[in-house]
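> with the input below, show me the fold.
(4 chains)
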Protein chains: 2
Amino acid sequence: MSNISKEDYLRVIYKGLEESRMVNPTLVAEHLNISNAAVTDMLKKLTKEKYVSYTPYKGIQLLEKGKMEAIKLVRRHRIWETFLFKVIGLPWYKIDQEAENLEHSSSDELIDRLEVILNYPEFDPHGHPIPRKDGRIPKQKKCISLDRLGIGKVSAIQKVNDHSEELLMFLYKSGLVINKKLKVTEKREFDNSIVVLVDNKELVLSEKISKNIFVEDMR
Amino acid sequence: MSNISKEDYLRVIYKGLEESRMVNPTLVAEHLNISNAAVTDMLKKLTKEKYVSYTPYKGIQLLEKGKMEAIKLVRRHRIWETFLFKVIGLPWYKIDQEAENLEHSSSDELIDRLEVILNYPEFDPHGHPIPRKDGRIPKQKKCISLDRLGIGKVSAIQKVNDHSEELLMFLYKSGLVINKKLKVTEKREFDNSIVVLVDNKELVLSEKISKNIFVEDMR
DNA sequence: AGATTAATTTAAGTTAACTTAAACATTTTT
DNA sequence: AAAAATGTTTAAGTTAACTTAAATTAATCT
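Numbering: from 1, shown residues only, chains lettered A, B, ... in the order given. Sure thing, here's the model as predicted:
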């Protein structure tokens, strides 16, 4: 029984829920680049095997079993990302894709070794928490997405969404990396774009971009 | 179109030929743990697509296209093995299995990075040559299998076959690793077992074992 | 509330990579 | 050279993971 695809579904569902979105079949289909019908099929299987619960139009929920599986995969993924970045030296915007390939084909033993070599990292290079072996998840500072940061406010980037290589490349080239401090200098009502000050340079960010950047919420 | 299984077939064929064996469907089936019928099927496809040529009962040959593919995969495999051993620190007898998982899911870019980090290694930890990016294969010292080394002779281990984890574990625990010097002190005609001196200890090796160890042929 | 739009499921079919069992072909043994 | 053993192929069927197109259901809009 192949196990790869099931894991992929669970990871997508997990990451969707992590971003506190409602996860429906369409969303999953888009992320995996497959048809809705395929998702319906798999959802039936995952439901029967108690990985998820699902009510049409209400979204997909992870059950204990599915959550565990997903967390395990996310752990693999993020440990690989960190390793690829810190030890192998792959670029920030390429590690997600590469880790996605590797995450399915590494033994627990290997993952644990990588974790030791990296000295038990808590967050991956895009700022996402790396689940520990026991399933616990490192606590992150309270975050809000950049589009909700008030004008004049200063904060530091805590994490970025990593599902588009193009977006990551843009962020990287703009210096918008983890822990970078920035200040919102302007907000444009008509298209919700904002202007931020980073490294003493002004940057205009569309709403689509700013929604994918998360900064510390200091209140 | 999935590419994984085709690659596996090619690798097995390549490695078989490398050991100058005749490679027939049965051998491939055994190595991949599948039925002969499945191999027949795939062989048809590989023949049609000009990866191999094949005459029943005469063995399988690699054509140019198939050889290139196979060499590419072997390169990936052996670079991963070397990396897992030298950088990650996995045990000598576990790296083959782990590399087999990883070899299918790494980009060329990643493999090339690993090669740089390892400073362009020529041989993997089991003594097999690592094909370069251009397909050329490092020359090895002339070898013979240990069972053919004359009594009283001294030589050094150049490579070992790596298809059984159990064998590798035994070799490792017996100190029979790459470059280790040994001397044949006795040969037993009735079962073709031999006695060798390694690190000043006597070891009895069955024919099955000695045929999987290759030492420098100094003549 | 009915119409429109969006989300979901069903139905039927495809593809890749297998399986087992039986048939067939070639080598090897006696 | 016939018998036995080994190797190979065929035939029919299975499974997982998809696809497209049509049908159905729910949510949203006016």
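
> hey, where'd the helices end up in chain A?
Residue ranges of the helices in chain A, as given by DSSP state H, are A:4-18, A:25-32, A:36-48, A:64-83, A:95-102, A:108-117, A:165-173, A:207-210.

> who in chain A is up against DNA strand C?
Those residues of chain A that sit near DNA strand C, judged by Cβ under 7 Å from any atom of the strand, are A:24-26, A:36-37, A:39-41, A:43-44, A:54, A:56-57. For every residue, glycine as well, the C-beta is placed using N, CA and C.

> reformat those as TSV; add neighbour count.
Written out in TSV, the entries for those read as follows (neighbours: other Cβ atoms under 10 Å in any protein chain shown):
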residue	neighbour count
A:Asn24	18
A:Pro25	20
A:Thr26	10
A:Asn36	13
A:Ala37	10
A:Val39	23
A:Thr40	14
A:Asp41	12
A:Leu43	20
A:Lys44	11
A:Tyr54	18
A:Pro56	10
A:Tyr57	7
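
> which one of these is nearest to chain B?
When these are compared for distance to chain B (Cβ to the nearest Cβ), A:Asp41 wins out at 18.5 Å.

> rewinding a little: farthest pair in the residues of chain A next to DNA strand C?
Greatest spatial distance in these: A:Asp41 and A:Tyr57, 18.1 Å, computed using Cβ to Cβ.

> how is chain A divided into domains?
Listed domain ranges for chain A are A:4-62, A:143-216 (source: automatic domain parsing).

> near DNA strand D, which residues of chain A?
For chain A, the residues in contact with DNA strand D under the definition Cβ under 7 Å from any atom of the strand are A:1-6, A:32-35, A:37-38, A:41-42, A:45, A:56-58.

> does chain B sit close to stretch A:9-24?
No. Applying Cβ under 8 Å from any Cβ of the partner chain, one finds stretch A:9-24 out of contact with chain B, separated by at least 15.1 Å.

> run through who's touching that stretch.
Under the contact criterion Cβ atoms under 8 Å, 6 or more residues apart in numbering or on different chains, stretch A:9-24 has outside partners A:27-28, A:31-32, A:39, A:42-43, A:46, A:51-52, A:57-62, A:66-67, A:69-71, A:73-74, A:77, A:161.

> just the buried ones from those residues?
A:27-28, A:31-32, A:39, A:42-43, A:46, A:51-52, A:59-60, A:62, A:66-67, A:69-71, A:73-74, A:77, A:161 (16 or more other Cβ atoms under 10 Å in any protein chain shown).

> shaky segments in chain A?
Along chain A, segments meeting pLDDT under 70 span A:1-3.

> most remote residue from chain A's center?
No residue in chain A sits farther from the centre than A:Phe190, which is 28.7 Å out by Cα atoms, centre = their mean.

> gap between that one and A:Leu171?
Counting by Cβ to Cβ, to the nearest Å, the separation of A:Phe190 from A:Leu171 is 24 Å.

> can you verify my assumption that A:Ile88 contacts B:Asp112?
No. Counting by Cβ atoms under 8 Å, A:Ile88 does not reach B:Asp112; the two are 10.6 Å apart.

> which of the two has more neighbours?
Comparing A:Ile88 with B:Asp112 by neighbour count (other Cβ atoms under 10 Å in any protein chain shown), the higher total belongs to A:Ile88, at 18 against 12.

> relative to A:Glu100, how far out is the residue nearest to that one when sequence neighbours are not counted?
The shortest distance from A:Ile88 to any residue that is not its chain neighbour, by Cβ to Cβ, 6 or more residues apart in numbering or on different chains, is 5.4 Å, and that residue is B:Arg113. With distances taken as Cβ to Cβ, B:Arg113 is found 17 Å from A:Glu100.

> same check on A:Ser164?
Applying Cβ to Cβ to A:Ser164 and A:Glu100 gives a distance of 13 Å.

> sounds good, over and out.
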